[in-house]
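1. coords below, sequence missing:
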């Protein structure tokens, strides 16, 4: 099997491989894993696809995670692999570390993960732990090294900077009228990234995740 063999199946679910790596003893992957592939939304089209799925329409909590479990779990079964998810803990799988291991995701100037194609809008729906050693493409250069780094000064309340993330300050700002833009369209720091701006993620999806993050009511 190759990555090209896998991609058409992923595309039917509007998923894509965000990166992968050949595992070692310190990677905390299931025994026998040779290759770990991280999966995430493929745009355009992910959000309309997901919101038409049974998990979204049944009115029960956590539709995105439940859809991820069903779809990626079935993919894993078909491939003789193991499905792993960034939710469902504690304990949690080390997706941050795994993302860095792929060489396609990096620690950004504001300490959030930044992806080669999706910028600061990157999100992981799950991973496939494969028993085969797949050929993987070489990693690209880190985009932040040649970027003006507008993310560093984008936060109106300076809650997210090179010094880290002041989560209480962020929540306080989101409670104000000025915070409505972030709530309705997604974090302004994430949107400031040039790679994020070229990625076709819908504002509706960002708004859903902002409501989840801020503790408000969500559509499902």
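-> Looks like it arrived, so ask away. In this text the structure is predicted, and so the values were computed from the model without any measurement.
2. you'd agree residue 80 is up against residue 131?
-> Yes. Counting by CB atoms under 8 Å, residue 131 is a contact partner of residue 80 at 6.6 Å. Every residue, glycine included, has its C-beta placed from N, CA and C.
3. can you give me the helices in the chain?
-> Applying DSSP state H to the chain gives helices spanning 3-11, 46-50, 54-57, 63-79, 95-101, 151-154, 167-174, 180-185, 188-192, 194-198, 203-214.
4. Mean neighbour count, the ones you listed: which tops it?
-> Comparing the helices of the chain by mean neighbour count (mean count of other CB atoms under 10 Å), helix 188-192 ranks first with a mean of 21.
5. List the contacts of that helix.
-> For helix 188-192, contacts defined as CB atoms under 8 Å, 6 or more residues apart in numbering pick out 110, 112, 119-121, 150-151, 154-156, 160, 181-182, 185, 196-197, 206.
6. repeat for stretch 148-161
-> For stretch 148-161, the surrounding residues in contact (CB under 8 Å, 6+ apart) are 108-110, 112, 120, 162, 165-167, 169-170, 172-173, 178, 187-194.
7. Can you tell me the centre-most residue of the chain?
-> The residue lying closest to the centre of the chain (CA atoms, centre = their mean) is residue 123, at 0.8 Å.
8. Sheet partners, orientation included, of the worst-scoring helix or strand of the chain on mean pLDDT?
-> Lowest by mean pLDDT, DSSP states H and E among the helices and strands of the chain is strand 164-165, with a mean of 92. Applying DSSP bridges to the sheet, strand 164-165 is found paired with strand 160-161 (antiparallel).
9. Residue 113: neighbour count?
-> 18 (other CB atoms under 10 Å).
10. Same check on residue 178?
-> Residue 178, neighbours per other CB under 10 Å, totals 11.
11. Phi, psi for the closest residue to it other than its chain neighbours please.
-> Leaving aside its chain neighbours, residue 178 sits nearest to residue 156 (6.4 Å; criterion: CB to CB, 6 or more residues apart in numbering). Torsion angles at residue 156 (phi, psi; degrees, to the nearest 10) stand at phi -60, psi -30.
12. from what I can see residue 28 touches residue 92, true?
-> No. Checked against CB under 8 Å, the pair residue 28 and residue 92 is beyond contact range at 10.4 Å.
13. more neighbours, the two?
-> Using other CB under 10 Å as the criterion, residue 28 and residue 92 rank with residue 28 on top: 14 against 11.
14. how far away is that one from residue 129?
-> Plainly put, residue 28 is 11 Å away from residue 129 if you go by CB to CB, to the nearest Å.
15. and the gap between the residue of the chain most remote from its centre and residue 214?
-> Centroid-distance maximum for the chain: residue 177 at 27.7 Å, with CA atoms, centre = their mean. From residue 177 over to residue 214 the distance is 14 Å, taken as CB to CB.
16. now residue 56
-> Counting by CB to CB, the gap from residue 56 to residue 214 is 20 Å.
17. confidence score at residue 217?
-> Residue 217 carries a pLDDT score of 41 in this model.
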